[in-house]
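Asker: okay, here's the prediction I keep looking at, along with the sequence it came from:
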Amino acid sequence: MKAIQKQGKGLAAYIETQTPDYGPKDLLLKPLFSGICATDLHVLYHDLGQEKKKFPLIMGHEFSAVVEKVGSEADFYIGTQQKISVGDRVTVEPILPCGKCDYCLKGKVNLCPFMSHLGIFEDGCYADYVRVPAHRVHRLPDNLSDLAGALVEPLACAINFVDKSRIQPGNSVVILGGGSIGQFTLQVALASGAGMVIISDPVAKKRELALKTGAHAVIDPVHEEITEKVRTLTGGGADIVIECVGISATVSQMVHLVRRGGRCVMAGIPSSKIPMDLLDLVFGEIELVGVMATAWQFPRAMRMIELGLVNVQAALERVIPFSQAIEGLKGAFESNEIGKLVIEHGK
């Protein structure tokens, strides 16, 4: 089969390799569409995950797929009592928890210290076929397209970000970062009752997209004084700030944008250590919480798309053929201007 393999830091290549073996409790899936996200760029260019899995590694973790083979003992699936069969369309939770530790038994599978993860710690979906444990698969509703199915995972992450913010109806929310995950977080915050949502991003077209999808205000952090503007718009500071970038500038901004007693959610993945001034955090009794991927948000994500509460394709820059995927990864890493790229397999 064809696959995109990380062979070294910043080095990806198309390869021909064996179709993966699958066990009795696994499914063999044929990916249809796969998303390119910031985590994939961290894997390729910053060696994310290398402490557990040395390259070579087949990348990718956001995807829709069709079931090609079903293991003889595959009899448990999330969110359905029906047996999943060959030919069914599915999406996949890429975190692969151990299922036995204290965190897993309490339902906090995204905190499992023994987890694996498709495209980070084991071979992922940038390939003609991928092996997945059956219990991590969701059947796609009939009215969800294959393309939308590939965007369920990042939308589920955005739902988890908003869950961790403990948003209340009427709250003011600042989202730092207008990339696809920031755009999804914007839509989820609005659907959750936010009274005002503000997006900060230096890229004009991302600010314009945010306004089209419902943001009440946008900020250019390069040419505007962000702290002053947020305090003016919110009457002293936002109730909630959600950081979706993971760089020093935005992490440092968080505690200056939130009101006293407010809540900051750290969702971006830093590629290096970031210094932070904690004085305002202490004197303002500001809550700072980290958030890791998803835990049981996939069904809600699919339902939000079905109900029209979120338009996942609004953030889509373009669909690219599999043959251009490595160029897409490179372009997304080198340019902050590029929006969400999705790979179409078989092309």
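Answerer: In hand now; what should we look at?

Asker: any idea of the pLDDT on Lys53?
Answerer: Lys53 carries a pLDDT score of 69 in this model.

Asker: ok, now Gly79?
Answerer: Looking at Gly79, its pLDDT stands at 67.

Asker: can you give me the helices for the stretch 151-300 of the chain?
Answerer: 152-165, 180-191, 204-212, 226-234, 248-257, 279-283, 298-306 (DSSP state H, counting those that start in this stretch).

Asker: need the residues that contact the fourth one.
Answerer: Right, the one you point to is helix 226-234. Helix 226-234 is contacted from outside by 172, 174, 196, 198, 200, 216-217, 219, 237-238, 253, 256-257, 259, using CB atoms under 8 Å, 6 or more residues apart in numbering. In short, each C-beta sits where N, CA and C put it, glycine included.

Asker: measure stretch 118-126 end to end?
Answerer: Stretch 118-126 has an end-to-end distance of 10 Å (criterion: CA to CA, to the nearest Å).

Asker: count of neighbours near the closest residue to Asp163 other than its chain neighbours?
Answerer: Leaving out its chain neighbours, the residue that sits closest to Asp163 by CB to CB, 6 or more residues apart in numbering is Gln297, at 7.3 Å. Residues lying near Gln297 (other CB atoms under 10 Å) number 24.

Asker: let me know which of the helices of the stretch 151-300 of the chain is the nearest to Lys30.
Answerer: Taking CB to CB, helix 152-165 is the member of the helices of the stretch 151-300 of the chain nearest to Lys30, at 17.2 Å.

Asker: any idea how far that closest one is from the chain center?
Answerer: Put simply, helix 152-165 sits 8 Å off its chain's centre (CA atoms, centre = their mean, to the nearest Å).

Asker: helices or strands next to it in the packing?
Answerer: Here helix 152-165 touches strand 62-70, strand 89-92, helix 180-191, strand 238-243, strand 258-266, helix 298-306, going by 3 or more CB pairs under 8 Å, 6 or more residues apart in numbering; DSSP states H and E.

Asker: among the ones you listed, which is nearest Lys108?
Answerer: That would be helix 298-306 among these, by CB to CB, at 15.4 Å.

Asker: identify the residues contacting the closest one?
Answerer: 78-79, 91, 93, 138, 140-141, 143-144, 148, 152-153, 155-156, 159, 188, 191, 310, 312.

Asker: now which of those residues would you call buried?
Answerer: Buried residues within the contacts of helix 298-306, counting neighbours by 16 or more other CB atoms under 10 Å: 91, 93, 138, 140, 144, 148, 152-153, 155-156, 159, 188, 191, 310, 312.

Asker: helices or strands next to the helix or strand encompassing Lys30 in the packing?
Answerer: Here Lys30, judged by DSSP states H and E, is contained in strand 26-36. Contact analysis of strand 26-36 by 3+ CB pairs under 8 Å, 6+ apart lists strand 62-70, strand 89-92, strand 130-133, helix 146-149, helix 325-334, strand 340-344 as its packing neighbours.

Asker: which residues does the most centrally placed residue in the chain contact?
Answerer: Compute the mean C-alpha point of the chain, and by CA atoms, centre = their mean the closest residue is Pro154, 3.2 Å away. Pro154 makes contacts with Gly35, Cys37, Glu62, Ser180, Ile181, Phe184, as judged by CB under 8 Å, 6+ apart.

Asker: repeat for Phe55
Answerer: Gln5, Lys6, Gln7, Gly8.

Asker: let's see it at 6 Å
Answerer: For Phe55, the contact set (CB atoms under 6 Å, 6 or more residues apart in numbering) comprises Lys6, Gln7.

Asker: is it true that it lies in a helix?
Answerer: No. With DSSP: H, G, I helix; E, B strand; the rest coil as the criterion, Phe55 is assigned coil and is not in a helix.
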